[in-house]
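Asks: give the three-dimensional model of this entry:
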Amino acid sequence: MLWCVAVVESGVCGVAGGEALADVLVENGRLRVELAELGTEHARLLARETAAAAELEALRAELATLRRMLFGRSSERASGGPPACAGAGDSGDGRDGAAGEGAGGSTGRPRGPGARSGRRSYDHLARDEVDGDFEGGGYTCPSCGASFTPWGEHVVEQLDWVVSVRLRVTRRRRYRRGCRCGGPVTVTAPGPSKAIGKGLFTHRFLALLVVERYVAGRSQNSLVTGLSRQGAEISPATLTGACAQVGDLLAPLAEKIAGRSRGAWHLHADETTWRVFTPTGGDGSARWWLWVFLGPDSVCFVMDPTRSAAVLADHVGIDAETGQLTGDDGAGGPRRLVISSDFYAVYASAGAKADGIVNLFCWVHVRRYFLRAGDANPAQLGIWARQWRERIAALYAAHAELAAAWQAAITAPSPPAERRLATAYTGWDRAIDAIDTARREHMASPGLPEPARRALATMDREWTGLVAHRNHPMIGLDNNPAERIIRKPVITRRNTGGSRTDDAARRAATIFTVTATADLHGLNPLTYLADYLDACGRAGARAPTGTDLDRFLPWAANPDDLARWRKPPG
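Replies: Predicted coordinates for the structure are as follows:
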């Protein structure tokens, strides 16, 4: 009996234990599911934290870069940086400013506090002689009244800035016949030539208007206000119409310059935005693009609604189907073109497709990436960025010597010149090899911060166009010449906002082409444009043609005209 009771009790305990075990297993399964959910949530939070940290690092890098751009010194003017001088004088024809210090640089002689550089000579300016004497002439002794005898003079020279608007009146003499011969009864002397028929303004006024508007970058309101201060109340519409008519007269000259640019063997290329407020077929303002192509002796601006490859292809002559250059080199051989530019895909794509196009990418742009990486993370990348700046500085120094040696070997070939050139090439190879070695080693580093990795990735992607400078020592290492040329139109855009219509935008590019080419050759735009407008007036208020037009091309003009156009207006 007792045994039966024990068996029953053990069975009851077994059932209770089984139920507890089942409950434990259920709870264990629930906890496993909860653990998996918590693991998933933990991974999600870790990923979000990692993304937030990466975004924070990127924003800090961008903030540091923007602070440097807005409030810091220019990276190309900082001490120790080569691009401030290297390539500054490059115009695409072998003139590189890296080798000299004469253009406004230090002469090596220290100046003390308050030292002056010496006065300039202004003897070439028009002189306005004023006789300075006492009232009534002469001077007498205040005590006895005896006259002082003349004893030389003391000359004081001052610069006087006279800005005035005058009304120029030409009185054309008329004569009446006093005989009985045939012919007209009355004749009138010829009047002043007018580039704009029935125009109100003289050619000097029109030249100054265009220069102030498109070279100095003054807004129309500023011009109207300035004229009003001189007593000339001229409506904005009148000035707009005058600029439009002058732009139309300059169009044939600009087209000649564009043709010269299209046939150049080397071009610096760049582009910037331009605003058109009321474009044709648009509901509001549109963003256009102002392109610049700087050749050895020409500057061509192109205004276009797009930033596409079609603009480059149309200017340099790339076949749309084959992607190859059209035409020949003038001697029956295949045409070749060297393009100095930044890393914009349009230029790189053209060089990759066309056999005759060589891309030379800008080393200053590469240098900026490394400087921005150092600004983004000074603690980790400050020294690293400085080392990269020193490597690029060494490359600029090697290129300066290579350019000078190449120029000497071309100008006066001799065994010493050839040896110097070979040594210069060795120096270039040594500098570029140092950069290449550092590039590969740093790219393989696993813990490199993201700003540094981006800088190295950019250099790696554009490496072919960067090292191609070795084969073109006559061309500078950067695209600064194009950026300097486009700077004046950028100032005009900032002051004026852009252009009202499509035609006004294209007309601005026409005027930029003419004035920038004149500036490239050291011409005074006031004298140059006034002379051109005189020729338009002699042609009957039309642009000159044939040889009359060709004489205004700076590369074809005679020395006397060039000398006159370099002087201020008479």
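
Asks: ok, the residue nearest the centre of the chain - contacts?
Replies: When C-alpha atoms, centre = their mean is applied to the chain, the residue found nearest the centroid is Glu483 (1.9 Å). Listed by C-beta atoms under 8 Å, 6 or more residues apart in numbering, the contact partners of Glu483 are Asp270. Using the backbone N, CA and C atoms, a C-beta is placed for each residue, glycine as well.

Asks: got a list of what Ala146 touches?
Replies: Ala146 touches Thr140, counting by C-beta under 8 Å, 6+ apart.

Asks: after the least confident helix or strand in the chain by mean pLDDT, which helix or strand is next?
Replies: Lowest by mean pLDDT, DSSP states H and E among the helices and strands of the chain is helix 2-71, with a mean of 76. For helix 2-71, the succeeding helix or strand toward the C-terminus, using DSSP states H and E, is strand 174-176.

Asks: list the contacts of the next helix or strand after that next one.
Replies: Sequence-wise, the next helix or strand downstream of strand 174-176 (DSSP H and E) is strand 186-188. Residues from elsewhere that reach strand 186-188, judged by C-beta under 8 Å, 6+ apart: Arg172, Arg173, Arg174, Tyr175, Arg176, Arg177.

Asks: and the closest residue in space to the second one that isn't next to it in sequence, how many residues sit next to it?
Replies: Read that as Arg173. Counting by C-beta to C-beta, 6 or more residues apart in numbering, Arg173 lies nearest to Ala189, which is 4.6 Å off, once chain neighbours are set aside. Ala189 has 10 neighbours, counted by other C-beta atoms under 10 Å.

Asks: tell me which residues are up against stretch 376-391.
Replies: With C-beta under 8 Å, 6+ apart, stretch 376-391 has contacts from 57, 60-62, 64-65, 80-81, 367, 370-371, 373-375, 431, 434-435, 438, 449, 451-452, 455.

Asks: among those residues, name the buried ones.
Replies: The neighbour-count test (16 or more other C-beta atoms under 10 Å) marks 61, 64-65, 81, 367, 370-371, 373-375, 431, 435, 438, 449, 451-452, 455 as buried among these.

Asks: low-scoring stretches of the stretch 401-550 of the chain, by residue?
Replies: By pLDDT under 70, the stretch 401-550 of the chain has no low-scoring segment.

Asks: hey, where'd the helices end up in it?
Replies: 415-443, 450-461, 463-467, 480-485, 487-496, 502-520, 525-538, 547-550 (DSSP state H, counting those that start in this stretch).

Asks: with distance to Thr240 as extra columns, can I get these in JSON lines?
Replies: Compiled in JSON lines, the helices of the stretch 401-550 of the chain are given as follows (distance: least, C-beta to C-beta, whole Å):
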{"stretch": "helix 415-443", "distance to Thr240": "52"}
{"stretch": "helix 450-461", "distance to Thr240": "44"}
{"stretch": "helix 463-467", "distance to Thr240": "43"}
{"stretch": "helix 480-485", "distance to Thr240": "25"}
{"stretch": "helix 487-496", "distance to Thr240": "12"}
{"stretch": "helix 502-520", "distance to Thr240": "8"}
{"stretch": "helix 525-538", "distance to Thr240": "18"}
{"stretch": "helix 547-550", "distance to Thr240": "26"}
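
Asks: so which of those comes closest to Pro279?
Replies: Closest to Pro279 of these is helix 502-520 (C-beta to C-beta; 5.7 Å).

Asks: tell me the angle the closest one makes with helix 525-538.
Replies: Orientation of helix 502-520 against helix 525-538 (axes from the mean of the first three to the mean of the last three C-alpha atoms, to 10 degrees) gives an angle of 120 degrees.
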